[in-house]
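Participant: pasting the structure only:
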Ligand SMILES: Nc1ncnc2c1ncn2[C@@H]1O[C@H](COP(=O)(O)OP(=O)(O)OP(=O)(O)O)[C@@H](O)[C@H]1O
């Protein structure tokens, strides 16, 4: 669980995060949504410890990053998996090499132990025959699976995903969303996903935090987002005709 208490972050005179508080829950997919420039990336970078908030605290299961020693910070960082936008795989490494990379960086395991662990996570993301392939030889959806396998190879407590669906077709995007959600539940991870994808909100939005101009404008679940009268949320989420119709049908079904 990640508890965020009244965090502020400025760059120079520009106040970007203006007092955000929320709880990001363990074993759940927590989605951060909001317009471009609303502060989602800055917020996630604060959670990752890449930015230090000017005010307020972030507690990861009781550990406050800025209060830890360098060694404790390094240990905490090993509990964090990250799926970057666009997968960010190393092109010169095989799929297996990419997945083994964090183990090489952070552990003293033997090569065969690392290969065994890489095999387990590659199987978990349903990639069994791609070990020796290079990223350029596999599809975008498969690259995402490799990125997820790499993010979970260290058995993280926290999984951060930045636009995990960008560049994927809608069907593959749903498969990736569902995979992230299944892994979150299976390993009881606190997963935080920065997304623009309203399909993801409807599919896996167990907790949704809506940011607007650096403020938490709204939070709730995917069911609550159908019912909310918050104009900023409805304008953002239901900006497409398709989603307006989905919402209408949902409201009619429940009346
Ligand atoms: N390192 C930085 N230095 C100065 N300003 C920054 C820095 N990082 C982000 N900002 C500013 O903070 C604001 C919020 O940016 P952020 O990237 O968090 O938005 P976002 O909601 O993630 O947008 P998008 O959906 O387009 O990725 C922007 O005005 C941006 O220019």
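Facilitator: Okay, I see it. All values reported here derive from a predicted model rather than from experimental measurement.
Participant: ranges for the strands of the protein?
Facilitator: In the chain, the segments counted as strands under DSSP state E are 2-11, 14-24, 29-33, 55-60, 63-64, 80-83, 158-162, 190-194, 207-212, 215-220.
Participant: if you average pLDDT over stretch 152-168, what comes out?
Facilitator: Looking at stretch 152-168 alone, the average pLDDT works out to 92.
Participant: Pull the contacting residues for the closest residue to residue 18 other than its chain neighbours.
Facilitator: Residue nearest to residue 18 in three dimensions, not counting chain neighbours: residue 214, with 4.4 Å by C-beta to C-beta, 6 or more residues apart in numbering. To be clear about C-beta, it is placed using only N, CA and C from the backbone, and glycine gets the same treatment. Going by C-beta atoms under 8 Å, 6 or more residues apart in numbering, residue 214 touches 15, 16, 17, 18, 20, 38, 39.
Participant: cool, and residue 246?
Facilitator: Taking C-beta under 8 Å, 6+ apart as the definition of contact, the neighbours of residue 246 are residue 202.
Participant: Repeat that for residue 35.
Facilitator: Contacts of residue 35 by C-beta under 8 Å, 6+ apart are 212, 236.
Participant: and the gap between the residue nearest to residue 219 when sequence neighbours are not counted and residue 196?
Facilitator: With sequence-adjacent residues excluded and distances taken as C-beta to C-beta, 6+ apart, residue 219 is closest to residue 209, at 4.8 Å. Here residue 209 is placed at a distance of 14 Å from residue 196 (C-beta to C-beta, to the nearest Å).
Participant: So for these two, which sits in the more crowded spot?
Facilitator: The residue with more neighbours, out of residue 209 and residue 196 and counting by other C-beta atoms under 10 Å, is residue 209; that gives 23 against 15.
Participant: That one and residue 234, how far apart?
Facilitator: 16 Å.
Participant: and if you look at residue 77?
Facilitator: Counting by C-beta to C-beta, the separation of residue 77 from residue 234 is 38 Å.
Participant: what do you get for residue 225?
Facilitator: With the distance defined as C-beta to C-beta, residue 225 ends up 9 Å from residue 234.
Participant: So for those two, which sits in the more crowded spot?
Facilitator: For residue 225 and residue 234, the more surrounded residue by other C-beta under 10 Å is residue 225, and the numbers stand at 25 against 17.
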